[in-house]
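1. starting from these lines, generate the structure:
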Amino acid sequence: MVIALATWLMTLFLIAEGAITLAAFPLAIAIAGTVYFGPSVALAWGVVVFGAFAIFFGMPSGYSLLYAVIYSGAAWAAAVALHRFGFDRLLSHPVRAVVAWYAIVGVVMPALTTILGVPVLVAGGVASADGGWLLLFISNYISDSFSPVSLGLALCVPIERLTAQNPPVQSETQNRSEMLLWLLFAAASTVGVTIFGKDWLRHGINDMTPAYFLLLAWSALRFSMSFTTIATAAVGLIVVSCHTFGLGGTPIPATTSDTITVYANLLALTVLAQASSAMTSQRRLDHERAVEAELGRARLKRYFSPRIVEDLLAQRDAFDETRAQRAVVMFADIVGFTTLSERQTPEETIAMLREFDTAMEGEIFDNKGVVDKYLGDGVMAAFGLPDTSEVDVASAVRCARGMLERTRQLARKRKEAGEQDYRISIGLHVGDVVAGNVGSERNLSFTVIGDTVNTAARLESLSRDYEAAIVISQDVVDAVRDEMGDEAGTLLADFEKIGAAKVKGRAEAVDVWVLRDKSGR
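-> Next up, the predicted model:
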């Protein structure tokens, strides 16, 4: 299909005595195709060039082959260079991608094809240098740069959108009615120029061109980059066709110099509209990324201490990936909450829970823990996420003791205010967990799951049986001793070994240690 379309265009559209041709349009197709579908398209383009110049233009086979190698090689090299400079991130970084496209396809590549190709055309008898080598070089350069820059980019944007795994969602697609009005105006103007042109002034098409591109610049602010680039290329094709066939009374350029002027003006307008579209898309994306970053920061603050939120934001995959790892899991619960809440108004109960959650969260964050979730009258926390350290278990035990002390302070404060005081119970266990985001697409929540989590929850419930404030497993004690050595005794002071305890949901018993609350409550 590429070969057939390219051959048809090359043989059909000639302008200004062959000095500049619409054959450059197939070059745009070749470059865009090579970028997205591989070097086979560049090879097909080389076959087209060879066949067109050897058969239709009568250039000797040797020169035709050399010319084909230059142009197919240019398409392949341009595609390689574009990938090198990140053009495959066209939709996510449009300004950078468009600048790379202009530099490579609009400047470097046509310079190479002109420097290498024009002498081959002259030697092969297809072009004449009688009008001056400089003019011939300039005309070939503009021919090889205008169409690829305009039409090629217009092809790449929708291809990128169709092939991208996660294309950016752009809200401008909601402007359907405005887009339809723009298309209707463009269609009506095109019909007026190309069919009823005899009623126009002879230079009417030249007067219409700036109006088209003014509308294109406006559409860049309202619609998608795909729409603007395609519309830009379409307008360019219409204008060039009018100058080629004299549609609408448009004068056909009599000289190569006149044709260069038409192309240069059209190229400037094209670049203006496309660049406006790229910058508008970039600004929109930057805004969306800033909003997403702020939302991400807010989500992180639900789990992590504000001191490490910024560090975690730098690790974008910190908890996007589900992974298995070792962690310490903690459950803390207000003892007798049901009875307590019956003695208070709903407003008093909510105020008490907020006070409790704030105090517990502060202690968890101070010890580099993660708030997994709030459980109404309790909290679940984890230590060692997203990255483990050498003191995670010691930090968890220190946090548990700190939470116990904070609760005592809250109890004294509430008692002095004539309010009902309370106490808490805590369970701790260490082991392997699975950490990651769970839930629906609309409501993801970072959490840890596994047998370690279940065991920690059961240990917390055992506190009632042992009349203890903190219940920890033997694994926690062993880990604290490994982490702290001789200093472990201070952190484990007042913990009493109970021994094997039956834990619901586990076939094997768990050796437990308890810390009883000596506050007298």
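2. quick one, helices of the stretch 1-150 of the chain?
-> 2-12, 24-37, 39-51, 61-84, 94-101, 109-123, 133-147 (DSSP state H, counting those that start in this stretch).
3. where exactly do the helices run in the stretch 301-450 of the chain?
-> Using DSSP H, counting those that start in this stretch, helices in the stretch 301-450 of the chain cover 306-314, 337-342, 346-366, 392-416.
4. need the winner for burial among those helices.
-> With neighbours defined as mean count of other C-beta atoms under 10 Å, the helices of the stretch 301-450 of the chain peak in mean count at helix 392-416, which reaches a mean of 20. Every residue, glycine included, has its C-beta placed from N, CA and C.
5. which elements pack onto that one?
-> strand 323-334, helix 346-366, strand 369-374, strand 378-383, strand 424-439, strand 470-473, helix 474-484, helix 488-491 (3 or more C-beta pairs under 8 Å, 6 or more residues apart in numbering; DSSP states H and E).
6. ok, now which ones touch Thr163?
-> Thr163 sits next to Tyr36 when contact means C-beta atoms under 8 Å, 6 or more residues apart in numbering.
7. number the chain from 6, please
-> Yes, from this point I'll number from 6; that puts the last item at Thr168.
8. what's the spacing between it and Ala59?
-> For Thr168, the distance to Ala59 (C-beta to C-beta, to the nearest Å) stands at 34 Å.
9. from memory Ala73 sits against Leu48, does it?
-> No - Ala73 is beyond contact range of Leu48, at 9.7 Å (criterion: C-beta atoms under 8 Å).
10. of those two, who's got more company?
-> Ala73 (22 against 16; other C-beta atoms under 10 Å).
11. most neighbours per residue, which of the helices of the stretch 6-155 of the chain?
-> Buried most deeply of these, by mean count of other C-beta under 10 Å, is helix 29-42, with a mean of 25.
12. that one to helix 66-89, inter-axis angle?
-> Angle between the axes of helix 29-42 and helix 66-89 is 50 degrees (criterion: axes from the mean of the first three to the mean of the last three C-alpha atoms, to 10 degrees).
13. residue contacts, the residue nearest to His98 when sequence neighbours are not counted?
-> Counting by C-beta to C-beta, 6 or more residues apart in numbering, His98 lies nearest to Gly91, which is 6.6 Å off, once chain neighbours are set aside. Counting by C-beta under 8 Å, 6+ apart, Gly91 touches His98, Arg101, Ala102, Ala105.
14. and those, which is closest to Asp371?
-> His98 (40.1 Å; C-beta to C-beta).
15. I'd guessed the closest one sits against Ser286; true?
-> No - between His98 and Ser286 no contact is recorded; they are 9.6 Å apart, counting by C-beta under 8 Å.
16. quick one, which of those two is more surrounded?
-> Ser286 (27 against 18).
17. where does the more buried one sit: helix, strand or coil?
-> helix (DSSP: H, G, I helix; E, B strand; the rest coil).
18. now the helices of the stretch 6-155 of the chain in JSON lines, with mean pLDDT and distance to Arg406?
-> Conversion of the helices of the stretch 6-155 of the chain to JSON lines gives the following (pLDDT from 0 to 100; distance: least, C-beta to C-beta, whole Å):
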{"stretch": "helix 7-17", "mean pLDDT": "41", "distance to Arg406": "73"}
{"stretch": "helix 29-42", "mean pLDDT": "81", "distance to Arg406": "61"}
{"stretch": "helix 44-56", "mean pLDDT": "89", "distance to Arg406": "67"}
{"stretch": "helix 66-89", "mean pLDDT": "91", "distance to Arg406": "57"}
{"stretch": "helix 99-106", "mean pLDDT": "84", "distance to Arg406": "53"}
{"stretch": "helix 114-128", "mean pLDDT": "89", "distance to Arg406": "69"}
{"stretch": "helix 138-152", "mean pLDDT": "76", "distance to Arg406": "73"}
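19. just name the most buried of the helices and strands packed on helix 397-421.
-> The most buried one of the helices and strands packed on helix 397-421 (mean count of other C-beta under 10 Å) is strand 475-478, showing a mean of 28.
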